[in-house]
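Participant: Sequence plus predicted model, see below.
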Amino acid sequence: MTKLSLRLLVDGAIDAMKEMHYTDGTLRHYRRWWDQFVAFAESESDDSYSVDLSNQFLRSRGIEDIHDKEMTKNQRHFRLAMRTLGEYALHGCVTRRRHRDLLIPFSEHWKAIAESYEHFCGDGRRTPLRCLNNRMLLLRQFCCFLDRRGIVTPREIDAKALEAFVAKQSHVRPRTLASQVSHIRSFLRFLCMKGLVDSALVDDVPKIRYFQQDRIPTVWNANDVAALLGAVDRSSPGGKRNYAILMLAAKLGMRASDIRLLTLDEIDWDEPAIRFCQSKTGVAVDLPLPDSVGEALVDYLRNGRPSSDAREVFLQSNAPYGPIGSRCSFYDMVAKYRRLAGIQLPKESRKGLHALRHALASRMLEAKVPLETIAGTLGHVSEETTRTYLRIDIDSLRAVAFDPEEARHEEVV
């Protein structure tokens, strides 16, 4: 993109965000922050955008543009605004991040191709819904990016455009970027199968080096888990629901997606057990229902769950009381109770609901529960996946406590 003065760059970025249907409130915030950046640049006698200048401005506000850096919500939004301006300066376009209600519409150039690809993945390849949603979300961003570069047919896609798109995604973690690149390759292979691009184009997608076992996972200790559960106010309907959700994650190691999709029919109160098909792997699991978890579920179902025809166990706390949204990971819920409990975690530690799976696996490992049983409890298809979870440093391993009740979980497939 041709270098523009900062004021012209800001005006262009605002226009691009309007095209992406950003709200008036967001536009006002971004305009105000970017005007402050322009004033900062003028004080530095600079009138053009650069990454170094942007980082200097962020540091002047006490913000470091580093992954996993602890910061306030306002600081995160401020950093995102500067990343958005940098994206526009580099590529001349702005792509919209995840949004619950509004998805970027496909242009007429790509709509039919995208629908055909979605049908191919969903019905032809039986791609899991979660993966398909992520693919289509990224494809919307990719097609929007191509439109902004004037690329309106598959034949016009070239290595330069692919490299530019991957470079634009540099704000995400390497693991996430590797997944996004895989989605792009999948789409290009589909186009190749349809005869719309050459097979060599697939090889032009940049390769992202990511080592799955490049770091030792950190683990919440038993006191942290107990403090998190103890911070929940169970006197309200929302508190009863949240407590039951946390208990399923902490005591049974269930994923957020499986908790969200759990139905009343999948709970066997007579045995008692929970039987469901995992949304991520498609593997059926049968987990015993401990008394503590069962009591939390009963309390919510009897005294907290709104009246509804929906079969999902967990519903939204506010009208119209439908099932919880498909993109909800319960991260904000865990963060809320983590703050209330005063839990201090290392910067590199997992801080969402998934951290409770790690904690459960580590306590079972310390109790010398067989790896096969741990894999069954977590619902892993391969024990190699379980070994990845259990690469825990010795100090963390010594710090965790063991709940004998959890060691008796067995898999019945």
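Facilitator: Cool, got the structure.
Participant: ok, now which ones touch the residue nearest the centre of the chain?
Facilitator: The residue lying closest to the centre of the chain (Cα atoms, centre = their mean) is Ser329, at 7.2 Å. By Cβ atoms under 8 Å, 6 or more residues apart in numbering, Ser329 lies in contact with Ala256, Gly352, Leu353. Just so you know, the C-beta spots here come from the backbone N, C-alpha and C atoms, and that holds for glycine as well.
Participant: Keep only those of those residues that are in helices.
Facilitator: Using DSSP state H, the subset of the contacts of Ser329 located in helices is Ala256.
Participant: Select only the buried ones of the contacts of Ser329 in PyMOL?
Facilitator: Per 16 or more other Cβ atoms under 10 Å, the buried members of the contacts of Ser329 correspond to this PyMOL selection:
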select buried, resi 256+352+353
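Participant: Tell me where the stretch 251-400 of the chain has strands.
Facilitator: 267-268, 273-277, 284-288 (DSSP state E, counting those that start in this stretch).
Participant: Can you check the pLDDT for the residue nearest to the centre of the chain?
Facilitator: Ser329 carries a pLDDT value of 87.
Participant: how about stretch 168-182: buried residues?
Facilitator: For stretch 168-182, by 16+ other Cβ under 10 Å, it's Lys168, Gln169, His171, Leu177, Ser179, Gln180, Val181.
Participant: any residues touching stretch 123-142, and which ones?
Facilitator: Here stretch 123-142 has contacts from 95-96, 98, 103-106, 114, 117-118, 121-122, 165, 179-180, 183-184, 186-187, 257, 279-282, 326-327, using Cβ under 8 Å, 6+ apart.
Participant: any idea of the mean pLDDT in it?
Facilitator: 84.
Participant: Kindly export it (C-alpha atoms) in PDB.
Facilitator: The C-alpha coordinates for stretch 123-142 follow below in PDB (Å, rounded to 0.1, in the frame of the first residue of the first chain):
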ATOM      1  CA  ASP A 123     -22.000 -33.400   3.900                       C
ATOM      2  CA  GLY A 124     -19.200 -34.800   1.800                       C
ATOM      3  CA  ARG A 125     -16.400 -35.000   4.400                       C
ATOM      4  CA  ARG A 126     -18.500 -34.900   7.600                       C
ATOM      5  CA  THR A 127     -16.300 -32.200   9.100                       C
ATOM      6  CA  PRO A 128     -17.200 -31.600  12.700                       C
ATOM      7  CA  LEU A 129     -19.400 -28.600  13.200                       C
ATOM      8  CA  ARG A 130     -16.900 -26.700  15.400                       C
ATOM      9  CA  CYS A 131     -14.200 -27.100  12.700                       C
ATOM     10  CA  LEU A 132     -16.500 -26.200   9.900                       C
ATOM     11  CA  ASN A 133     -17.600 -23.000  11.700                       C
ATOM     12  CA  ASN A 134     -14.000 -22.000  12.100                       C
ATOM     13  CA  ARG A 135     -13.200 -22.800   8.500                       C
ATOM     14  CA  MET A 136     -16.100 -20.700   7.200                       C
ATOM     15  CA  LEU A 137     -15.300 -17.800   9.500                       C
ATOM     16  CA  LEU A 138     -11.700 -17.700   8.200                       C
ATOM     17  CA  LEU A 139     -12.900 -18.100   4.700                       C
ATOM     18  CA  ARG A 140     -15.100 -15.000   5.100                       C
ATOM     19  CA  GLN A 141     -12.100 -13.100   6.200                       C
ATOM     20  CA  PHE A 142     -10.000 -14.500   3.300                       C
END
